[in-house]
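S.K.: my questions are about this predicted structure, shown below with the sequence.
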Amino acid sequence: MKTILLLLCSNIFMTIAWYGHLKYRKAPLFAAIVVSWLIAFAEYCFQVPANRIGYGEFTAFQLKVIQEVITLCVYVVFAWLYLGENVKWNHAVSFLFLIGAVTFAFWGKL
C-alpha cells in the first residue's frame, strides 16, 4: 500500500509539472520549463522510493503498469477539474483496455 500511495503522490506532481503550464500559455516557455522542472523534482522524491520499496513485492513490469494506471486516473481528474476537459466515450473504452492490461500483468498473482 505504501508503494501505491507514493506513486499516487508522485503522479500528482508529475501531472502538474507536465500539464499545469497549459493554462498559462502566455508565460515564457523558459519559465514554464524551469517551474515544471522544479515540480518534477518533487515527483522524483516520491517516485524513486515508491519503486525501491515496491520492487520485490511487485516486478518491474507490474510497477510500470500500476504507475501508468495511476497516471491516467490522476490525469482524468486533473484534466476535468483544472483544464475543464471532459471524458469522452473513447477515453472510457481505453480505460477498459487498461484494466485488461493490469489483469494480464498480474495474472500470476491472481
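M.R.: Sure, I can see it. These figures come from a predicted structure and were not determined experimentally.
S.K.: what score does the nearest residue to Val87 once chain neighbours are set aside have for pLDDT?
M.R.: With CB to CB, 6 or more residues apart in numbering as the criterion, Val87 has its nearest non-adjacent residue at 6.0 Å, and that residue is Val76. No exception for glycine: its C-beta is placed from N, CA and C like everyone else's. Per-residue pLDDT puts Val76 at 91.
S.K.: likewise Thr15?
M.R.: Confidence score, pLDDT, at Thr15: 96.
S.K.: need the pLDDT of the residue most central in space within the chain.
M.R.: The structure's the chain has its C-alpha centroid closest to Thr71; by CA atoms, centre = their mean the separation is 2.1 Å. Here the pLDDT value assigned to Thr71 is 91.
S.K.: packing partners for the helix or strand it falls within?
M.R.: Element membership for Thr71, per DSSP states H and E: helix 60-81. Other elements packing on helix 60-81 under the criterion 3 or more CB pairs under 8 Å, 6 or more residues apart in numbering; DSSP states H and E are helix 2-19, helix 29-54, helix 89-105.
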